[in-house]
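Peer 1: Okay, here's the prediction I keep looking at, along with the sequence it came from:
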Amino acid sequence: MNSTASQNIASKLFAVIDSKSRAAILANIASHYGISSEDAFAEVTDKDAEHLLDYVTGSTRAATSVLIQRHGLI
(Lines give C-alpha, C1' and ligand atoms only; values in the text may rest on other atoms or scores of the structure.)
Protein backbone atom coordinates (compact mmCIF):
# COMPACT_ATOMS: atom_id res chain seq x y z
CA MET A 1 0.00 0.00 0.00
CA ASN A 2 1.40 3.39 -0.92
CA SER A 3 1.69 6.33 1.45
CA THR A 4 -1.23 8.20 -0.07
CA ALA A 5 -3.53 5.24 0.51
CA SER A 6 -2.25 4.96 4.08
CA GLN A 7 -2.89 8.65 4.67
CA ASN A 8 -6.38 8.29 3.24
CA ILE A 9 -7.20 5.35 5.53
CA ALA A 10 -6.26 7.33 8.63
CA SER A 11 -8.07 10.46 7.46
CA LYS A 12 -11.18 8.52 6.43
CA LEU A 13 -11.23 6.49 9.63
CA PHE A 14 -10.96 9.58 11.82
CA ALA A 15 -13.81 11.16 9.84
CA VAL A 16 -16.23 8.28 10.50
CA ILE A 17 -15.46 7.12 14.04
CA ASP A 18 -16.63 8.71 17.27
CA SER A 19 -14.46 11.21 19.09
CA LYS A 20 -13.77 8.82 21.99
CA SER A 21 -12.30 6.17 19.65
CA ARG A 22 -10.31 8.79 17.78
CA ALA A 23 -8.91 10.16 21.03
CA ALA A 24 -7.97 6.66 22.24
CA ILE A 25 -6.11 5.83 19.03
CA LEU A 26 -4.24 9.13 19.02
CA ALA A 27 -3.44 8.87 22.74
CA ASN A 28 -1.99 5.40 22.15
CA ILE A 29 0.25 6.68 19.35
CA ALA A 30 1.22 9.78 21.33
CA SER A 31 2.15 7.74 24.38
CA HIS A 32 4.19 5.24 22.37
CA TYR A 33 6.17 7.92 20.55
CA GLY A 34 6.33 10.51 23.34
CA ILE A 35 4.49 13.16 21.34
CA SER A 36 1.21 15.04 21.66
CA SER A 37 -2.06 13.72 20.25
CA GLU A 38 -2.06 16.65 17.84
CA ASP A 39 1.39 15.66 16.59
CA ALA A 40 0.23 12.03 16.33
CA PHE A 41 -2.70 13.11 14.16
CA ALA A 42 -0.39 15.16 11.93
CA GLU A 43 1.99 12.21 11.60
CA VAL A 44 -0.58 9.56 10.65
CA THR A 45 -2.41 11.82 8.20
CA ASP A 46 0.75 13.12 6.52
CA LYS A 47 1.13 12.32 2.82
CA ASP A 48 4.21 10.21 3.66
CA ALA A 49 2.61 8.31 6.56
CA GLU A 50 2.88 4.58 6.99
CA HIS A 51 -0.27 2.51 7.46
CA LEU A 52 -2.13 3.61 10.60
CA LEU A 53 -1.69 0.19 12.21
CA ASP A 54 2.09 0.61 12.02
CA TYR A 55 1.79 3.36 14.64
CA VAL A 56 -0.70 1.78 17.05
CA THR A 57 0.30 -0.69 19.79
CA GLY A 58 -1.29 -3.21 22.16
CA SER A 59 -5.01 -3.88 22.32
CA THR A 60 -5.71 -0.53 20.69
CA ARG A 61 -4.08 -1.87 17.54
CA ALA A 62 -6.55 -4.77 17.33
CA ALA A 63 -9.48 -2.45 18.01
CA THR A 64 -8.27 -0.04 15.33
CA SER A 65 -7.98 -2.89 12.85
CA VAL A 66 -11.59 -3.87 13.56
CA LEU A 67 -12.72 -0.27 13.01
CA ILE A 68 -10.84 -0.10 9.71
CA GLN A 69 -12.49 -3.32 8.55
CA ARG A 70 -15.93 -2.38 9.88
CA HIS A 71 -15.88 0.82 7.86
CA GLY A 72 -14.63 -0.91 4.70
CA LEU A 73 -11.33 0.94 4.58
CA ILE A 74 -9.10 -2.04 3.74
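Peer 2: Perfect, I can see it now. Residues are numbered from 1 along each chain as shown.
Peer 1: helices and strands around whichever strand or helix holds Ser21, which ones?
Peer 2: Using DSSP states H and E, Ser21 sits within helix 19-33. The contact analysis (3 or more CB pairs under 8 Å, 6 or more residues apart in numbering; DSSP states H and E) places helix 19-33 against helix 37-44, helix 58-70. To be clear about C-beta, it is placed using only N, CA and C from the backbone, and glycine gets the same treatment.
Peer 1: And those: which comes nearest Ile25?
Peer 2: With CB to CB as the criterion, Ile25 lies closest to helix 58-70 of the helices and strands packed on helix 19-33, at 5.5 Å.
Peer 1: Let me know which of the helices and strands packed on helix 19-33 is tucked in deepest.
Peer 2: Of all the helices and strands packed on helix 19-33, helix 37-44 has the most neighbours on average by mean count of other CB atoms under 10 Å, namely a mean of 17.
Peer 1: hang on, the earlier thing: so what's the gap between the helix holding Ser21 and the chain middle?
Peer 2: On the basis of CA atoms, centre = their mean, to the nearest Å, helix 19-33 is displaced by 8 Å from the centre of the chain it belongs to.
Peer 1: what is the mean pLDDT for that helix?
Peer 2: Mean per-residue pLDDT for helix 19-33: 98.
Peer 1: Could you do stretch 55-63 as well?
Peer 2: 98.
Peer 1: Name the residues that touch it?
Peer 2: With contact meaning CB atoms under 8 Å, 6 or more residues apart in numbering, stretch 55-63 is reached by Ser21, Ala24, Ile25, Asn28, Ile29, His32, Tyr33, Ala40, Glu43, Val44, Leu53, Thr64.
Peer 1: my guess is the last one meets Leu52, correct?
Peer 2: Yes: in this structure, Thr64 sits in contact with Leu52. The criterion is CB atoms under 8 Å, and the distance is 6.5 Å.
Peer 1: Could you tell me which residues touch both of the two?
Peer 2: Leu13, Ile25.
Peer 1: is it possible to export the helices and strands packed on helix 19-33 to CSV including distance to Val16?
Peer 2: Output for these, formatted as CSV (distance: least, CB to CB, whole Å):
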stretch, distance to Val16
helix 37-44, 15
helix 58-70, 9
